[in-house]
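Participant: the following comprises the amino acid sequence and a computationally predicted model.
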Amino acid sequence: MRNESLQFDVTVIGGGLAGLCAAIAAARLGSKVALVHNRSVLGGNSSSEVRVWVCGATAHGTNRYARETGIMGELFVENQYRNKEGNPYIWDLVLMEAVRAEANISLFLNTDVHEVDAEGGEDNRNIKSVTGWMMGSERRIQFHSPMFLDCTGDGLVGFLAGARHRIGREAKSEYQEDWAPETADNITLGSTLLFYTKDTGQPVKYIAPSFAKDIQSTSIPLKRVIRSGDNGCAYWWIEWGGEHDIVHDNEAIRDELWAVIYGIWDYIKNSGQFDSETMTLEWVGSVPGKREYRRFLGDYVLNQQDILAQTPFEDRVAFGGWSIDLHPPQGVYSQQSGSKHLFADGIYHIPFRSLYSSNVNNLMFAGRNISASHVAFGTTRVMATCAVIGEAAGTGAALCLRQGVSPRELHRNHLELLQQTLLRQDASLIGVVNRDPHDLARAARISASSFLTQLNVENAGNVRNLNEDTGVLVPVDPGLDGMELLLTAAATVTLTVELWTTGKRENYVPHTQIDTYEVEVKQGPSQWVRIPLKWRPESPANAFIIIKANESVTLHSSVQPQTGIIVFEKGPQPIVSAELDVQPAQPVAQWRMHGQARSPLCIRLTAPTSAYSPDKAAGGYNRPYGGPQLWSSGTLTEAGEEWLELSWEHTQLIREIQLTFNDDVNEDLINLHHHFTPFEVIPELVKHYRVDIFGSDGWSTAVEVQDNHRRKRIHRLSSAVTAEKLRLVVLETNGCPRAEVTEIRVYGG
């Protein structure tokens, strides 16, 4: 056996998406990081070992403009570029390359940490080191650091360090949560195994193993949807163990799940009820995908009220948007539905105080073990949300070392630094404005070759019957003064249109009605009908316009998407849970895009708009918030070029240029097999550009990039240059007819 003792600035234990993003974030800020993981591949439940698809704030299109940015956003976009088909092994490689690209990360795979050396009393503890055994290498490695991050999911490191934690469900009275039980208990969400099948094109027999369940003797076929050709994603409900100890009974839980899977496949292959003669099992998981175990106690416990109220915490450092998604403890054998869901009106915020221990001074955590109640955990547990929490925690850990403070002191005395650092990294914060004093773009005069001043969505190519209420979201900046709508009427009718606010600037649902309009429409094809909408909000906002159902009317849609405009169809009010007496409204689940996110209604807004003006690229927001928050040029012609220019009253010393291009965070990307997005590169992303700098010798090109497919590009010049002006010149996009830039930042030496 080989004994080793290693020193790092930050030790991250757990290489799932939370730990991976935490390690990358800390490393990019200069910390020497040990990333320690007990499996041979990164990604945790998303890896090729388990193959759970990465869910996040978009909730598969339920929330709008909600896809994560920052490190998780980079992973989504890179995977789409390399692996749009969703091969789990290519996803493994995307994650591995992201870690290996960081020189400050030392990666320790197959290393199981199960020893912790901590000191101090119950209320004031510190971790001195953690020790792991590298399986297959006979290496016992002790990791020393001033900061530790427990991203293990199960929370073993924090537990061994004496960190306060909870297991199971709190009583309803503790946080006044409607979805909590009357009495606290130790019940958790269960674990799941997935499986893949394939069609071989020739007959394949299947002999079930002796331990396979006869599922026809259970309630499974009666309560669950079983089909022969479904991908693994469809079988998330093969879950069990919620009434057991998810960790200590892990082996028994795996065996039970295996028995269920092989029994389900026996039912599909041999019951005679399915077209499965040429189907075979391609892969069956062997590592149970755990959902829940320990949840640490921080200085704040996120709860159901915070999720539904979308509490705008002063110390918000990340966001989520998945529903509160709880499952019955009996899992696959339950007589109830496999899950129940409760949505807020949009995304919700996660406070920094929920990411560090209340009693272990140098312990932070990210992932499903953060400081949240069981009910709130029902949404924070999904992996893309765990990832953005990881980036926030890793950033916080690095800043603690830089400032020489604990996480609690960082919150109290350096919160502005933390949030501004996260924004500079393009991290997932909503509604926090750029106040970076070092960003020279904030003091520049900004102009452009052109910008979109008139919202006319034409290029009709699709139609939709107005059988259900239809909504259209448009930016209002500064005011709304009439809209024309392209439609066909089978008869002369009265069309009713309602104008609503969205409430919070991060929301995209009807909230408060402003007015109702009734317009007579003559019978006839493809006619532009004027709706006399009027609204001038106090600050830029979105309007939600509802076109009431009318079976005599057909609406025309464009074949060309328009950033800032979304169309919705109103569905039935979802049933939240039969266990609740009151069914709360869930407008975000009722108003759905139904796959039409890139096909907006053909409309013309009469009043000019400032929603796409050049100053938006340095307006303080790096993603949609009460409007698209970006510069959009006029039409980008093949022979032309569009530019965005920054100029200063006095010459500036420039060393670094940061560009954030529009990657349409309304587009729901996925890493594996839930759905398929056809394009490799987001069409709105700028493909070919250059950066020109005007100095004492006139204009010169400092940067030129071709075939870009990334959202965030950082260009550090080989030496600082003095400049009076800086111009970003867009030569080509990946398909969008306009140049769109979300943010430009400029820094000195």
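Facilitator: Sure thing, it's come through. Residues are numbered from 1 along each chain as shown.
Participant: rest of the way, CA atoms for contacts and neighbours
Facilitator: OK.
Participant: confidence score at residue 700?
Facilitator: In this model, residue 700 is scored at 97, pLDDT.
Participant: confirm for me that it is in contact with residue 690.
Facilitator: No - using C-alpha atoms under 8 Å, residue 700 is not in contact with residue 690, being 10.4 Å away.
Participant: and the two? Which one has more around it.
Facilitator: The residue with more neighbours, out of residue 700 and residue 690, is residue 690; 16 against 12, by other C-alpha atoms under 10 Å.
Participant: where does the nearest residue to the more buried one once chain neighbours are set aside sit: helix, strand or coil?
Facilitator: Spatial nearest neighbour of residue 690, excluding adjacent residues (C-alpha to C-alpha, 6 or more residues apart in numbering): residue 704 at 4.0 Å. With DSSP: H, G, I helix; E, B strand; the rest coil as the basis, residue 704 sits in strand.
Participant: kindly report the same for the one 3 residues further on.
Facilitator: Look at residue 707: counting by three-state DSSP, its state is coil.
Participant: contacts only, for the residue nearest the centre of the chain.
Facilitator: For the chain, the residue nearest the mean C-alpha position is residue 68 (3.4 Å; C-alpha atoms, centre = their mean). Counting by C-alpha atoms under 8 Å, 6 or more residues apart in numbering, residue 68 touches 56, 57, 384, 388, 427, 428, 665.
Participant: relative to residue 358, which of those residues is nearest.
Facilitator: residue 388 (21.1 Å; C-alpha to C-alpha).
Participant: where does residue 515 land in three-state SS?
Facilitator: Residue 515 - assigned by three-state DSSP - is strand.
Participant: quick check: it vs residue 531, distance?
Facilitator: Distance of residue 515 to residue 531, given as C-alpha to C-alpha, to the nearest Å: 12 Å.
Participant: these two: who's more crowded?
Facilitator: A direct count of neighbours by other C-alpha under 10 Å for residue 515 and residue 531 places residue 531 higher, at 21 against 13.
Participant: per-residue pLDDT, the residue lying closest to residue 103 once chain neighbours are set aside?
Facilitator: Closest residue to residue 103 apart from its sequence neighbours, by C-alpha to C-alpha, 6+ apart: residue 27 at 7.8 Å. Turning to residue 27, the model gives it a pLDDT of 98.
Participant: which residues touch residue 27?
Facilitator: Taking C-alpha under 8 Å, 6+ apart, we find residue 27 in contact with 33, 102, 103, 104, 105, 398.
Participant: doesn't it lie inside a helix?
Facilitator: Yes - counting by three-state DSSP, residue 27 is part of a helix.
Participant: roughly how far does the residue nearest to residue 674 when sequence neighbours are not counted sit from residue 73?
Facilitator: Spatial nearest neighbour of residue 674, excluding adjacent residues (C-alpha to C-alpha, 6+ apart): residue 233 at 5.9 Å. Distance of residue 233 to residue 73, computed by C-alpha to C-alpha: 22 Å.
Participant: so those two - more neighbours on which side?
Facilitator: The neighbour comparison of residue 233 against residue 73 (other C-alpha under 10 Å) goes to residue 73, with 24 against 17.
Participant: show me what contacts the more buried one?
Facilitator: Taking C-alpha under 8 Å, 6+ apart, we find residue 73 in contact with residue 67.
Participant: what is the neighbour count of residue 389?
Facilitator: Neighbour count for residue 389, taken as other C-alpha under 10 Å: 35.
Participant: check which helix or strand it maps to.
Facilitator: Residue 389 is located in helix 383-403, with elements delineated by DSSP states H and E.
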